[in-house]
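Participant: Sequence plus the predicted model coming up.
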Amino acid sequence: MRRMSKLRAPYFLRYGLSRFPKKACVRWGANRMSEMTRISPEGETPVNPYSLLEAVNRSSDTAHTGWLIFMGIMTYLMIAVAGVTHRNLLLETPVSLPILQVDIPLTQFFQFAPIVLVLFHLG
């Protein structure tokens, strides 16, 4: 009995379409070969999926850091606004920022805090 050899992938899968033998056109027919060449143009090089993954991870790290900074500023401004009482609004007493302990005039705080928040959101 004849021994069966190992199963091997077809020639065009092992070596690519550029090294595909021309005699296969006769065997498979000209239409089938032209369909196969349209699938993988020779001008394009294959892209390593791990390099794409690395690029996505790098850009997501930057976006993650920006998001955390934005959330921190938004939380800080929310705490500062929550510290303003009705009495402070009526008497226009300065707003004391929570961590910095700096007094800012009430009107200036409510004019510039939304602008700062929008600028950080856009950018």
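Facilitator: Nice, thanks for sending it over. Numbers count the residues shown, from 1 in each chain.

Participant: When you work out contacts or count neighbours from here on, use the C-alpha atoms and nothing else.
Facilitator: Noted.

Participant: show me what contacts residue 88?
Facilitator: Residue 88 is in contact with residue 94, counting by CA atoms under 8 Å, 6 or more residues apart in numbering.

Participant: Helix or strand, whichever it is, which one in this structure has the lowest mean pLDDT?
Facilitator: helix 30-39 (a mean of 50; mean pLDDT, DSSP states H and E).

Participant: Tell me how many other residues crowd residue 81.
Facilitator: Neighbours of residue 81 under the rule other CA atoms under 10 Å: 17.

Participant: helices and strands around the next helix or strand after the least confident helix or strand of the chain, which ones?
Facilitator: Next helix or strand after helix 30-39 toward the C-terminus (DSSP states H and E): helix 49-82. Helices and strands touching helix 49-82, by 3 or more CA pairs under 8 Å, 6 or more residues apart in numbering; DSSP states H and E, are helix 106-122.

Participant: Swap in 10 Å and give it another go.
Facilitator: strand 95-96, helix 106-122 (3 or more CA pairs under 10 Å, 6 or more residues apart in numbering; DSSP states H and E).

Participant: And it, what's buried?
Facilitator: Across helix 49-82, burial judged by 16 or more other CA atoms under 10 Å covers 70, 74, 77, 80-81.

Participant: Put the alpha carbons of the next helix or strand after that helix into PDB.
Facilitator: Next in sequence after helix 49-82, counting helices and strands by DSSP H and E, comes helix 86-91. Output in PDB follows, covering the C-alpha atoms of helix 86-91 (Å, rounded to 0.1, in the frame of the first residue of the first chain):
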ATOM      1  CA  HIS A  86     -28.200  81.100  48.600                       C
ATOM      2  CA  ARG A  87     -26.700  83.600  51.100                       C
ATOM      3  CA  ASN A  88     -23.400  83.800  49.100                       C
ATOM      4  CA  LEU A  89     -25.400  84.500  45.900                       C
ATOM      5  CA  LEU A  90     -27.500  87.200  47.600                       C
ATOM      6  CA  LEU A  91     -24.600  88.900  49.200                       C
END
